[in-house]
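*Asks:* kindly generate the corresponding structure for this input.
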Amino acid sequence: VSKGPGNTKVTKSSAVPPGPPVYLDLVYIPNHSNSKNVDVEFFKRVRSSYYVVSGNDAAAEEPSRAVLDSLLEGKAQWESNMQVTLIPTHDSEVMREWYQETHEKQQDLNIMVLASSSTVVMQDESFPACKIEL
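*Replies:* Numbers count the residues shown, from 1 in each chain. Predicted structure coming up:
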């Protein structure tokens with residue numbers, strides 16, 4: 001809650017205020033895809049060909065199922081059915097369940113979830129990687 005003009009209380013109802021959409025090629029979903037900062041309005045306004053979904057902390061609800069559902073709801077309101085690719089940075093139970101439970105809706109909305117089993121090896125360390133082509 002913040003003070004508006006004339007000391008009137010204004011309640012913040014959305015992380016992203018309503019307005020015209022912004023089109024981008026690649027968007028990193030803020031705050032490890034936590035629902036405190038990302039909602040349906042975010043996806044209605046911030047339209048991208050690629051969204052990076054980070055977060056690997058189930059206790060902190062990162063990534064949040066609510067954020068993934070918000071993507072579906074927000075994209076359903078776009079005028080065009082452009083392809084969107086979702087790029088998870090970690091394999092999480094939340095992502096796997098969401099993918100399986102909403103797969104048909106993802107297809108209807110032209111959303112593809114990029115899964116990769118690639119591994120990058122650097123010196124004595126290896127980690128999962130995903131190739132992105134823009």
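*Asks:* which residue ranges form the helices in this structure?
*Replies:* 30-33, 40-45, 65-75, 93-101, 103-108 (DSSP state H).
*Asks:* just put those helices in TSV and tack on mean pLDDT and distance to Asp57.
*Replies:* Quick note: C-beta positions are derived from backbone N, CA and C, even for glycine. Listed next are these as TSV, based on pLDDT from 0 to 100; distance: least, CB to CB, whole Å:
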stretch	mean pLDDT	distance to Asp57
helix 30-33	69	7
helix 40-45	92	20
helix 65-75	95	13
helix 93-101	92	10
helix 103-108	96	24
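*Asks:* Pro20 - how many residues pack around it?
*Replies:* 5 (other CB atoms under 10 Å).
*Asks:* so where is the chain shaky, pLDDT-wise?
*Replies:* 1-17, 32-35, 58, 60-62, 116-118, 128-134 (pLDDT under 70).
*Asks:* make it 90
*Replies:* Along the chain, segments meeting pLDDT under 90 span 1-19, 29-39, 53-64, 88-95, 114-134.
*Asks:* for Phe127, which non-adjacent residue is closest in space?
*Replies:* Setting aside the residues directly before and after it, Phe127 is nearest to Val120 in space (CB to CB, 6 or more residues apart in numbering), at 5.9 Å.
*Asks:* what's the span of stretch 84-97, first residue to last?
*Replies:* End-to-end distance for stretch 84-97, by CA to CA, to the nearest Å: 19 Å.
*Asks:* and stretch 100-110, by the same measure?
*Replies:* Span of stretch 100-110 from end to end, CA to CA: 15 Å.
*Asks:* list the buried residues of it.
*Replies:* Residues Thr102, Gln106, Leu109 are the ones in stretch 100-110 that count as buried (16 or more other CB atoms under 10 Å).
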